[in-house]
Every structure is written in C-alpha cells, then in structure tokens.
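Novice: whatever this is, show me its structure:
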Amino acid sequence: MSRLLIVGGGAAGMAASVWAAERGMEVHVFEQNEKLGKKLFITGKGRCNFTNACATEELFDSFVTNPRFLYSAVYGFTNYDVIDFFENLGVSTKMERGGRMFPQSDHSSDIIAALERKMKALGVKIHLKSKVNRLLFEQNGTENRVTGLELENHSKIQGDKVLIATGGISYPSTGSTGDGYRMAKEGGHTVTSLLPSLVPMVTAEDYIPRMQGLSLKNVTLSIYDQKKCVFEEFGEMMFTHFGITGPLVLSASAKVGKLLKKSYLTAKIDLKPALSKEQLDTRLLREFESGKNKQFKNVVDGMFPSKLLPVILDIGGIHPQKKVHEITREERMSFVEKTKAFPMTITGLRGFQEAIITQGGILVKEVDPKTMESKKVRGLYFAGEVLDLDALTGGYNLQIAWSTAFAAACGASEKQGG
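Specialist: Sure thing, here's the model as predicted:
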C-alpha cells in the first residue's frame, strides 16, 4: 500500500486525505495546530461559504490569478460535486445571494466535523501538534524525488508521496506561516511575490476617517491607474479609521494589489448610481424649489447619511450656509460631479493579518495542472492556497482548494508504487 504524507490539515489537506484514502492509500495528515481546520473555522465569518452554485464555466470569471491552470482541476471536481460531496457527508446546505453556498446551520464547524468523521472512518492517521521541519529528497540520476519528511522533533517519516497543503500567509494566527513556500523552494520550486488579498485598503485623504463606521450600500466603486479604469463594481463598502473595507473593497484588492506595489491609485464612489448627472441635477432643483430661502446644508441633508453629509459639503464646492437661490448652475453641477465621483486616493493594502487570502505562491508552470504533481520533484504534490492561485470572495477560493485537492489525491493514488 502506497503511503501519502499530507502537510497541513486545512480545507485542501483534509479533503485530499479523504479522497486518497478512498482510493486505497495509507494517508497521514500532519497539522501543526492542536486541531484541524483552524482557518476553515473562521471562513465566511464563521459560517463557511464553501463554494458557489453558479454555472461551472462562470467560476473562471471569479478566478483572479492563473484561471486557465484550473481548467482540468475544476472540471474534474466541479462546484456541484463539492455540494454533493458535503451533502453525502451529512451536511445540509443552502444557497444565499450571489450563489454563495453555506451549511444550513451557519456553522463552519459542521464542514470540519464532517471531514474529520470521514477521515477517521477511512483510517486516515491524524497527527496534531506536528510541525513539519523539512521534506526529504533523494537524487536518482537526473531525477529528484521526495521520500518523506522530518518533523520538528527531528523524527523522520518515510512516504511514497507528499502533498503540501499548508495554505498561504494570511491570518498567520491560524498557523499560516509560509512553511509550504519554504519547502517548495527547497525542492527547487519558484515562489512568486506574495501579497495580501481580499483585504481592506488604505486611503490618503483626511476626510475618510471622519466617516469611520459608515457603511454605504448600492454604490459603484471605480479605481483608476492614471486614466485607465482597472476596477468597477456595484455593491457595498465601509469607511474605517485608515481607509475603506467591505465586499466591494475586498474584491477590488484582488484586482489592483499588484498595481499598488508601483504607485498609488485614484478611486471614485458613485453615491447615486441609479441617477444620471442630469437626473441628480433635476432632483437637486426640486429640493431647491421647495426651500428657496433655506441654507444649502439644510436642503440636501436628506440626500446623504449623517456621517457623509459634512464631508460632501466640505468638498462639494458650495458653502454650506449659502442660500439656495444664490447658488449658480456651475456650483450645482460641481456638487453633482462630486456626488457621482466622490474622490479618494488609495495608497496601499492592509497587511496579511487582515487578509482573507494570499496572492502569489508556487509558480504553476512548475506543476502539472491535471495531477498537481511537481514537474521538478517526483512524488511531490500541491493543493490549495500554497499555489499561485486566488479568486474573489463568494466561495471561489475554497472551490480552488477542493478542486486542486481532488486532482492531487487522484494523481497521487493513480501512481501508487512509483
């Protein structure tokens, strides 16, 4: 019986152990934490958005880095296969907005418990508090192959295949310490530059912290690299003491993080996307008509949230105390422009401590997309976030974990005995 050693007991490692054991392998999982699935436990604010129920071909629109590499793996184990897999493990599931799939209970622990039960039922050997120090290799002519691993206590475990499923370096408190990247490099692999992704953004303007805690719904966020629009989406966002966060901002970070390494970016929020500039001007004129002798600030106070009002008045180009009948068309149009394009400067991303995932990882050109086996080291496989693969929020990153884990488990088991 061929022995598979899995480094990492997160989503990809746990799932791969199940599929490899079902295919007749002796499987050992080495997890440095005191329990399995520590990062999975906090995924989706503890509810675990484990995949997305969109049409399978639509998944690729939400994969940000190297989507083509995922073609074989995703069609080998689709989002619908994932849903069936967990339903068959006894997890009732439900779909929410945007096709997001959750356990019916809203508890990520149900996903972890179902995987752990199945692992134990299949005889997977789980080694907790077992930090892997390094991989063991041997050179056979021109071929380099993996032969096992060494734990932190220097004990050596022999294995026919090794799967690295250690995750990235986001949320380091869950044990994502970047060990997988180090082990891959020791095997001759290239690791691309690593960035926090699905992470809040830092802004320059001093008026942003004044709106801390304000959540905006149904707005459009546009981000520009000089004059080129590099991100534009409609949704929800929030102001913080350092900048901006929320679903729109997290998605944007995945698209523009690499650009922010070179320079700052400008951003605009359309606060009234349902209205054209002309329609917004007409709305203003209506407000003006009903309060000709009022001060400007008292006429527009119903159009904006209370935390936003003083800021938009400050930057809108009309003195708050100016009487409505004294306001010129040019002043009015300037205010409309600021409302339709509320300005910000994005200077950077927050750190890995706040990032949901890591952008960057093991260069996928050095990995077989069908089996996830290394092209440099025979018997070495990769799955999940440790690879240079990432996606937007909505269950897509966990879909990458499940699909690559399935490909790796099948690839390793098909080559039993060498």
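Novice: ok, the residue of the chain most remote from its centre to Glu326 distance?
Specialist: Distance from the C-alpha centroid of the chain, by CA atoms, centre = their mean, peaks at Asn293 (51.4 Å). Per CB to CB, to the nearest Å, Asn293 is found 10 Å from Glu326. (C-beta placed from N, C-alpha, C; glycine too.)
Novice: how about Tyr396?
Specialist: Look at Tyr396 and Glu326: by CB to CB, they are 53 Å apart.
Novice: just checking, Thr358 is part of a strand?
Specialist: Yes - looking at Thr358 with DSSP: H, G, I helix; E, B strand; the rest coil, it is inside a strand.
Novice: tell me who's in contact with it.
Specialist: Contacts for Thr358 (CB atoms under 8 Å, 6 or more residues apart in numbering) come out as Gly167, Gly168, Ile169, Ser170, Ser176, Leu194, Leu195, Pro196, Ser197, Phe352, Glu385, Asp390.
Novice: could you do His127 as well?
Specialist: By CB under 8 Å, 6+ apart, the contact list for His127 reads His28, Val29, Phe30, Glu31.
Novice: which residues touch the third one?
Specialist: Put plainly, it is Phe30. Shown in contact with Phe30 (CB under 8 Å, 6+ apart): Leu5, Ile6, Val7, Gly8, Gly9, His127, Ser130, Lys131, Val132, Leu149, Leu151, Ile157.
Novice: pLDDT wise, what is the third one at?
Specialist: On pLDDT, Val7 comes in at 98.
Novice: quote the end-to-end distance of stretch 12-32.
Specialist: End-to-end span of stretch 12-32 (CA to CA, to the nearest Å): 15 Å.
Novice: any buried residues in that stretch, and which?
Specialist: Of all the residues in stretch 12-32, those buried under the rule 16 or more other CB atoms under 10 Å are 12-21, 23, 25-32.
Novice: quick one, domains of the chain?
Specialist: If you go by automatic domain parsing, the domain ranges for the chain are 3-195+356-414, 200-350.
Novice: need the winner for burial among those.
Specialist: domain 3-195+356-414 (a mean of 20; mean count of other CB atoms under 10 Å).
Novice: and the end-to-end length of that one?
Specialist: One end of domain 3-195+356-414 to the other measures 12 Å (CA to CA).
Novice: just stretch 256-275 next, same as before
Specialist: Terminal residues of stretch 256-275 lie 27 Å apart, using CA to CA.
Novice: what pLDDT does the closest residue to Thr166 other than its chain neighbours get?
Specialist: Leaving aside its chain neighbours, Thr166 sits nearest to Gly180 (3.2 Å; criterion: CB to CB, 6 or more residues apart in numbering). Looking at Gly180, its pLDDT reads 96.
Novice: now do the phi/psi pair for Gly180.
Specialist: phi -60, psi -40 (degrees, to the nearest 10).
Novice: ok, now which ones touch it?
Specialist: Applying CB under 8 Å, 6+ apart, we find Gly180 in contact with Val7, Gly8, Ile164, Ala165, Thr166, Gly167, Ile362, Phe382, Val386.
Novice: return the item of those having minimum pLDDT.
Specialist: Gly167 (93).
Novice: test my guess that Gly213 contacts Thr245.
Specialist: No - Gly213 is beyond contact range of Thr245, at 10.7 Å (criterion: CB atoms under 8 Å).
Novice: list residues touching both of the two?
Specialist: Joint contacts of Gly213 and Thr245 (CB under 8 Å, 6+ apart) are Met238.
Novice: any residues touching stretch 230-244, and which ones?
Specialist: With contact meaning CB under 8 Å, 6+ apart, stretch 230-244 is reached by 200-203, 208-209, 211-224, 245-249, 251-252, 255-256, 259, 265, 269, 273, 307, 344, 346, 350.
Novice: if you set the cut-off to 7 Å instead, what comes out?
Specialist: Applying CB atoms under 7 Å, 6 or more residues apart in numbering, the contact partners of stretch 230-244 are 200-203, 208-209, 211-212, 214-217, 219-224, 245-249, 251-252, 255-256, 259, 273.
Novice: kindly report the same for stretch 326-346.
Specialist: By CB under 7 Å, 6+ apart, stretch 326-346 touches 201, 203-205, 208, 223, 260, 264-272, 277, 280-281, 284, 296, 312, 315-318.
Novice: alpha carbons of that stretch, as CSV, please.
Specialist: Extracted in CSV, the C-alpha atoms of stretch 326-346 (Å, rounded to 0.1, in the frame of the first residue of the first chain):
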residue,chain,number,x,y,z
GLU,A,326,-27.8,82.3,-4.7
ILE,A,327,-26.3,79.0,-6.0
THR,A,328,-25.2,79.1,-9.6
ARG,A,329,-25.6,76.3,-12.2
GLU,A,330,-21.8,75.8,-12.2
GLU,A,331,-21.8,75.3,-8.4
ARG,A,332,-24.7,72.9,-8.7
MET,A,333,-23.0,70.9,-11.4
SER,A,334,-19.7,70.8,-9.4
PHE,A,335,-21.7,69.3,-6.4
VAL,A,336,-23.4,66.8,-8.7
GLU,A,337,-19.9,65.8,-10.0
LYS,A,338,-18.6,65.1,-6.5
THR,A,339,-21.7,63.1,-5.7
LYS,A,340,-21.3,61.0,-8.8
ALA,A,341,-17.5,60.7,-8.3
PHE,A,342,-16.6,61.1,-4.6
PRO,A,343,-12.8,61.2,-4.7
MET,A,344,-10.2,59.1,-2.9
THR,A,345,-6.6,58.2,-3.2
ILE,A,346,-5.6,54.6,-2.5
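Novice: chain center to that stretch, what's the gap?
Specialist: Mean C-alpha position of stretch 326-346 versus that of the full chain (CA atoms, centre = their mean, to the nearest Å) differs by 34 Å.
Novice: where does this protein dip in pLDDT?
Specialist: Regions of the chain meeting the criterion pLDDT under 70 cover residues 175, 415-418.
Novice: quick one, longest helix in it?
Specialist: helix 396-414 (DSSP state H).
Novice: which helices and strands does that helix pack with?
Specialist: With contacts defined as 3 or more CB pairs under 7 Å, 6 or more residues apart in numbering; DSSP states H and E, helix 396-414 has these neighbours: helix 11-22, strand 51-52, helix 59-62, helix 71-76, helix 79-88, strand 161-164, strand 380-382, strand 390-391.
Novice: tell me which of these sits nearest to Glu143.
Specialist: Smallest distance to Glu143 across those (CB to CB): 11.9 Å, for strand 380-382.
Novice: contact partners of that closest one?
Specialist: Contacts for strand 380-382 (CB under 7 Å, 6+ apart): 146, 161-164, 187, 362, 367, 372-374, 408, 411-412.
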